[in-house]
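1. how would this look folded up:
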Amino acid sequence: MPPAPAGAVLRVLRQAVRSDINLIRWCDDGTPETLSTTLMAVERTGIVVTRPEGTNRIRPGESVELVLQGGGGRFRGRVRCLGLGEQPSGGNRPIPTIRLSLPNRLQGGERRQSHRVSVGFDLAPTGQLRDPETGNIWLADIIDISMEGMQLRSRDDSPTIQPGDILWLETELPSPVGLLDRPVRIMNVRRDGRSDRHLLGVVLIEPVEELAEFIRKAEIRRAARLRSS
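-> Numbering: from 1, shown residues only. All right, here's what the predicted structure looks like:
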């Protein structure tokens, strides 16, 4: 039996009742399909959402990803379809619904506007932060990437980097990005709870249009892993 979801998960879900949310399912070719729906109810054994119009493609037992906006930002969690149903609408026609399992946990709390993708699991790219004034260099692992910026994990235990610093980030990413050498602003620096290293949130000062295709391909790889798990 899977572990019961934490109280924080239930609070985020209950805050989102009657709100629009997204369900992401994976097609047979591994590409993600986003379906818009509404969270109707959060119950002890599952959640109820409206069935997306024109589709019965979500099948009982199928694993999908739930994406919602809560009080602390944008959250994602894996759920499983428990079955299709209906709810009274107060009119002549009932509301078609889908019953989903409760997510054991929710990832995120993203406040940024653009979606971020995790790259630390498969690509594991590394980057170099450079201070053009002093010549200081810090090495870091890239954990996730969005169109706006990245989250890094420093290789140094105590990097002398402060929020507000403007540094240059150099890294090599797969096609179509290639060599990336752009100025970034340090938004936050905090200790990684699992080690003595630090997590760095950075924002790209100049846009990188090629990241859109890179992120799309990263999502397809991620979807393929989830389908096979």
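2. tell me, how many residues neighbour residue 95?
-> Counted by other Cβ atoms under 10 Å, the residues lying close to residue 95 total 16. C-betas here are computed from N, CA, C, even on glycine.
3. list the contacts for residue 205?
-> 166, 182, 183, 184, 185 (Cβ atoms under 8 Å, 6 or more residues apart in numbering).
4. one more: residue 211?
-> Counted by Cβ under 8 Å, 6+ apart, residue 211 has contacts 145, 146, 147, 177.
5. repeat that with 6 Å
-> By Cβ atoms under 6 Å, 6 or more residues apart in numbering, the residues touching residue 211 are residue 147.
6. equivalent analysis for the one 3 residues further on, please.
-> For residue 214, the contacting residues are residue 177, by Cβ under 6 Å, 6+ apart.
7. and it, that one's in a helix?
-> Yes - under DSSP: H, G, I helix; E, B strand; the rest coil, residue 214 sits within a helix.
8. so which of the contacts of residue 205 is the most crowded?
-> Going by other Cβ under 10 Å, residue 184 tops the contacts of residue 205 with 22 neighbours.
9. is it in a bridge, and if so with what?
-> Bridge pairing for residue 184 (DSSP bridges) gives the partners residue 167, residue 204.
10. state the pLDDT value of residue 1.
-> At residue 1, the pLDDT value in this model is 40.
11. revised request: answer the last question for residue 188.
-> Residue 188 is assigned 86 on the pLDDT scale.
12. that one against residue 201, yeah?
-> Yes - under the criterion of Cβ atoms under 6 Å, residue 188 makes contact with residue 201 at 4.3 Å.
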